[in-house]
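> Pasting the sequence and the predicted coordinates here, then a few questions.
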Amino acid sequence: MHDDSALVEARLERFVVERLRPSLHVSTTGLELSSWTAQGEPVSFDEAVSRRFDPFLIGTPWGRAWSTMWLRITGVIPAVGDGRRAELLFDLGFDSAEPGFQAEGTVYRPDGSIVKAVEPRNAHVPLDGAAGDAFEFYLEAAANPDIAEGFRYFRPTSLGEWETAGDTPLYTFRRADVVVLDETVWELLQDVAVLRSLLHELPAHSVRRAEIVRALERMIDATDPEDVSGTASAARAELALVLSRPASASAHRVHAVGHAHIDSAWLWPVRETQRKVARTFSNVLALQQEDPDFAFAASSAQQYAWMKQFQPELFERMRLAVAEGRFVPAGGMWVESDTNMPGGEALARQFIHGKRFFLEEFGVEPLDVWLPDSFGYSAALPQIARAAGSRWMLTQKMSWNETNAMPHHTFQWEGIDGSRIFTHFPPVDTYNAQLTGEELARAERQYAEKGRANTSLVPFGYGDGGGGPNREMLAAAARLRSLEGSPSVTLSTPRRFFEAAEAEYPNPPVWSGEMYLEFHRGTYTSQARTKRGNRRSEHALREAEFWATAAALRGADYPYEELSGLWETVLLQQFHDILPGSSIGWVHREAERRYAEVLASTERIIAGALAVVAGSGEAELVANAGPYAGEGTAAMGIAAVHGTGVPAAVTRTTSGFVLENAHLTVAIDGTGLVTSLVARATGRDAIAAGERGNLLQLHRDTPTRWDAWDIDEHYRRHVVDVTDAVSVDIVPHPTAAIVCVIRESGGSRITQTLTLGADAEALDIATAVDWHERQKLLKLAFPLDVHTDRATSEIQFGHVHRPTHANTSWDAARFETVAHRWVHVGEPGFGVAIANDATYGHDITRSPRSGGGTSTTVRLSLLRAPLYPDPEADQGEHTFLVSVRPASSIADAVREGYRLNLPLRPLRGAGPVEPLLSVSSDAVVVEAVKLAEDRSGDVIVRLYEAHGGKVVADLRTAFGFDAVVETDLLEREITEKAIRAVAAQTVQLELRAFQLVTLRLRQPSFGSV
């Protein structure tokens, strides 16, 4: 027989477009419309419906970018026959862009309750009632611009801010009708869609493919093109046999989990996300009324909290669906955060606040970590997740690696302390699946555990900008439950999947260490003000909680609600498109305002608490909230101001300047570059021979795609050293040696202040930049006389070692890395620590050394200037503080990081105050001190081992307590792992490397402080 399958497929395409789709609706009736447009920001339903609505005509242009138009919609329900239903159908001016990246709307009943959303590919609204009944609805239409443009161009746009977006209407309102849907024709269309999608994935010469082609051909023949509705049942009968054939016994098993990845901000502001969440969640609840077997998983407690605040009626419906097990809280975090840059305590608070919300509101605790889209995963995350009570983790983003493919799809992920979490990486390679044949075939083809396991998860539903599953996806799932040639599909939940996967694969392989995303490396640097706000807010909250606890032990009120709200503000900004710097300008300007509010509030809390702790008086004091002593002030205590000892000296020489104190001798040349940095105790110079440190380097920064996200390796080929100085001068100071350097480059001005304090063991370099470059990357370089094959970088609750060579493709791809407060490079007997107060991006490389061997260059990525999605990214003023400490160990690096980020705080009071807590070992770091979330008055102390080895240490308190127990992050008592002994006001602990421990000190004795 001749193979005419291509002709059949061409005939089928025309049949679907010209016959089947146009026959879905057997009647169409227009609606009466009137409109009111909100001026500026969105308003509530009650406010909108109180306004005057004017007649509105189909075909009217509407919607400047980010504006909102309200429509009042009235009509009459038409008569329908058997197998038909009446519904509303809208077209707001939709184009081919994905749902969530263009206009979208929300339909309300007159009582203010939400029916569902109106979006591309989900534009219908069900009608309840009898024929002849009048109805009234309100449509809130959002004119959200398509900033993505299909991610084809990455060109600058003015649409990312209200002020620059312009007043031109973006859309033309095309349709608002009552239609009668022919359900049989609709079901036929779904049959055809599934079979067409499947046959394209089958081998060209397979029997199954040929069988489907012939069945589709018979289906077309059975359909009268003049009476599609009347012959649709006969056409469906021709497909019944091929749709009934079951999947093979060895077919891949897919757990399809309804999902909508809703970015909490990205190419839209936070206020629009709040509406996107309402649209998506109402879509889901409407869909569940039609399909009771459909369960939907949604992460991010913040998004649920928005519904509780802004859409309480919808939230109560969600609460009922959660109780029924059909609306499933997932992830257990406040938002789907970045995991590279949030500090350890902040990442812990993501789980604490997220799980606490779900437990308090629904009585449900998610046991999975749901992070499909974050840009790489910190090696500290397994321990933090396990400490929060989580058992499983899902991620998708690692499929975006440019160079190396992850070797596993189901595995145990091991963190820096040895904690492991059962992890799944869906082989479908998307978190926005539509359950197409292509997607399911890809999941089966790419699944790496074949022969050992056979189950994977597919998250399905429109996402990024929300939307979620639609009825077409559920129709596909029903047909794919068991269909020959396809993986079998079961509608499922995260928990059901993970329990099945664990049972099937009890001993999966282990991936140890970070999951570094070989992509989006620019997110460690873009939008530097957002990153500074995060770092400063994290440390300000530590101080506020610590001093508020000390004050509460003396009888002051503890600001539970305010601190919780401040934390939630910071946690929201850690969302994986805000903190990484990959959102529109509107989002980052708002984040900067929010950080300023957090810092103002924490300063007020700290001042009030210190007034209680230090008492009234005029003694000059210094408060130290950090875990290490500094400048004569004990850790976590208040001391009298001490003298600084012998002042540092600065001398002008023929070649520049020399800065000296008891520990260091620093030579600076006439252009302000560091030519020598000698630790006097060793006599060894940290700067590589013939090189100069404090070198600012300007690179061309033009990524292939994804401007704000990416730094591509080719940036290294284009560099200009910024060495010309406008001025280099000594700054007089009574105790410190200071040299100020001013440079200009292009339209930017850079002022650096190099300071050697009287008793300092590190050179501090403050850099102020008035930045006006475009598509440039500014790095600060330190070529160091250290021979090493690895660098150490701080992460949450510990550190990681990374190669400085490029032996393997994995090493070569890791050309830009993230660190928190410090990096350290060393060889036996000598090392150099470089700490910072707000920088995350680094690159650390090896170079041939004059005289043999290699030297190591550490570079900090200070600033970028991408043009998309924010054309004004990073423009303006910035400050950075960096310290370089030679002859240092990793322990010294830990201290240095805290010194820069938790500076001593001067105040006046009655006199010195004994440290609230003290620890006998520098290896054990107290990271958080607060009162318990249950408001019992118990004191919570969170600490960790910071040096990378087992340690025994005593924790001493300045207050009495009745008992001490270990808890998880949610402050629930657990079996003791670290407590060895308890005596009066002393807890002896034994910690393994990088172990995280939370202690609950019960019934602290307020009066004994």
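Thanks, I have the structure now. Numbers count the residues shown, from 1 in each chain.

> these two touch, right, Asp291 and Leu474?
Yes. Using Cβ atoms under 8 Å, Asp291 makes contact with Leu474 at a distance of 5.2 Å. Glycine gets a C-beta too; all of them are placed from N, C-alpha and C.

> So for those two, which sits in the more crowded spot?
The residue with the greater number of neighbours, taking Asp291 and Leu474 and applying other Cβ atoms under 10 Å, is Leu474; the counts read 22 against 17.

> Near Val80, how many other residues are there?
Should you count by other Cβ under 10 Å, Val80 turns out to have 18 residues around it.

> residue contacts, His663?
With contacts defined as Cβ atoms under 8 Å, 6 or more residues apart in numbering, His663 is in contact with 679-681, 759-761.

> now do 10 Å
Neighbour list for His663: 648, 678-681, 756-762, 885-887 [criterion: Cβ atoms under 10 Å, 6 or more residues apart in numbering].

> ChimeraX command for the buried members of those residues?
The buried subset of the contacts of His663, as determined by 16 or more other Cβ atoms under 10 Å, is captured in ChimeraX by this line:
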select :648,678,679,756,757,758,759,760,761,762,885,886,887
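
> with the contacts of His663 in mind, which one is nearest to Gly331?
Arg885 (39.0 Å; Cβ to Cβ).

> What is the burial count for Trp511?
Neighbours of Trp511 under the rule other Cβ under 10 Å: 19.

> again with the one 4 residues further on
By other Cβ under 10 Å, the residues close to Met515 number 21.

> so what sits against both of Asp291 and Leu474?
Between them, Asp291 and Leu474 share these contacting residues under Cβ under 10 Å, 6+ apart: 258, 491.

> Straight-line length of stretch 577-591, end to end?
Across stretch 577-591, the terminal residues are separated by 11 Å (Cα to Cα, to the nearest Å).

> next one: it to chain centre, how far?
Here stretch 577-591 is found 12 Å from its chain centre; the criterion is Cα atoms, centre = their mean, to the nearest Å.

> Kindly report the same for stretch 868-879.
That offset, for stretch 868-879, works out to 20 Å (Cα atoms, centre = their mean).

> In space, not sequence, find me the middle residue of the chain.
The centre of the chain sits closest to His576, judged by Cα atoms, centre = their mean, with a distance of 2.2 Å.

> re the thing from before, quick one: which of the contacts of His663 sit in strands?
With strands taken from DSSP state E, the overlap with the contacts of His663 comprises 678-679, 756, 885-886.

> Pretty sure Ile352 sits against Ala932.
No. Taking Cβ atoms under 10 Å as the definition, Ile352 is not a contact partner of Ala932, at 11.4 Å.

> Neighbour count for the two, which is higher?
When Ile352 and Ala932 are compared for neighbours, Ile352 comes out ahead with 23 against 17, by other Cβ under 10 Å.

> what do Ile352 and Ala932 both touch?
Glu971.

> Summarise which helices and strands the longest helix belonging to the chain is packed against.
The single longest helix within the chain, with elements called by DSSP state H, is helix 585-614. Contact here means 3 or more Cβ pairs under 10 Å, 6 or more residues apart in numbering; DSSP states H and E; on that basis helix 585-614 packs against helix 270-290, helix 528-552, helix 560-573, strand 619-624, strand 637-640, strand 905-909.

> and the ones you listed, which is most packed in?
helix 528-552 (a mean of 24; mean count of other Cβ atoms under 10 Å).

> Quick one: mean pLDDT for that one?
The predicted model gives helix 528-552 an average pLDDT of 98.

> what separates that helix from the chain centre, distance-wise?
For helix 528-552, the separation from the chain centroid amounts to 20 Å (computed by Cα atoms, centre = their mean).

> got the angle for the longest helix of the chain vs strand 905-909?
Calculated by axes from the mean of the first three to the mean of the last three Cα atoms, to 10 degrees, helix 585-614 forms an angle of 40 degrees with strand 905-909.

> how distant is helix 585-614 from the center of its chain?
In terms of Cα atoms, centre = their mean, the centre of helix 585-614 is set 22 Å apart from its chain centre.

> quick one: buried residues of it?
By neighbour count, with 16+ other Cβ under 10 Å as the criterion, the buried positions of helix 585-614 are 585-592, 594-595, 598-599, 601-602, 605-606, 608-614.

> re earlier: surely the residue nearest to the centre of the chain touches Thr339?
Yes. At 8.2 Å, His576 and Thr339 qualify as touching, with contact defined as Cβ under 10 Å.

> any residues in contact with both of the two?
Contacts common to His576 and Thr339, judged by Cβ under 10 Å, 6+ apart, are 371, 374-376.

> who's in contact with Gly683?
With contact taken as Cβ under 10 Å, 6+ apart, Gly683 is in contact with 665, 887.

> okay, the ones in strands among the contacts of His663 in a markdown table with distance to Ala503 next?
Written out in a markdown table, the entries for the ones in strands among the contacts of His663 read as follows (distance: Cβ to Cβ, whole Å):
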| residue | distance to Ala503 |
| --- | --- |
| Val678 | 62 |
| Ala679 | 57 |
| Leu756 | 62 |
| Arg885 | 51 |
| Pro886 | 55 |
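
> could you dump those residues to a markdown table with distance to Arg174 and pLDDT?
Compiled in a markdown table, the ones in strands among the contacts of His663 are given as follows (distance: Cβ to Cβ, whole Å; pLDDT from 0 to 100):
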| residue | distance to Arg174 | pLDDT |
| --- | --- | --- |
| Val678 | 74 | 98 |
| Ala679 | 73 | 97 |
| Leu756 | 69 | 98 |
| Arg885 | 65 | 98 |
| Pro886 | 69 | 98 |
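
> Of the helices and strands packed on helix 585-614, which is nearest Tyr171?
Set against Tyr171 and scored by Cβ to Cβ, the helices and strands packed on helix 585-614 come closest in helix 270-290, at 15.5 Å.

> gap between Gln350 and Val570?
Using Cβ to Cβ, to the nearest Å, one gets 10 Å for the distance from Gln350 to Val570.

> Overlap in contacts, these two.
With Cβ under 10 Å, 6+ apart, Gln350 and Val570 have common neighbours 334, 342.

> what sits against the residue nearest to Ala540 when sequence neighbours are not counted?
Distances taken as Cβ to Cβ, 6 or more residues apart in numbering put Thr602 closest to Ala540, at 3.9 Å, once the chain neighbours are dropped. Neighbour list for Thr602: 536-537, 539-545, 547-548, 562-563, 566 [criterion: Cβ under 10 Å, 6+ apart].

> ok, 8 Å please
The contact partners of Thr602, by Cβ under 8 Å, 6+ apart, come to 537, 540-541, 543-544, 566.

> from those, which two are the most distant?
Put simply, by Cβ to Cβ the two of the contacts of Thr602 set farthest apart are Glu543 and Leu566, 11.9 Å from each other.

> All the strands of the stretch 751-900 of the chain, residue numbers only.
Remark: strands of the stretch 751-900 of the chain, listed N- to C-terminal, are 763-771, 776-784, 790-795, 798-803, 817-818, 822-827, 830-836, 841-848, 854-863, 876-886; assignment by DSSP state E, counting those that start in this stretch.

> quick one: strands adjacent to the first one?
The sheet places strand 763-771 alongside strand 748-756 (antiparallel), strand 876-886 (antiparallel), with pairing taken from DSSP bridges.
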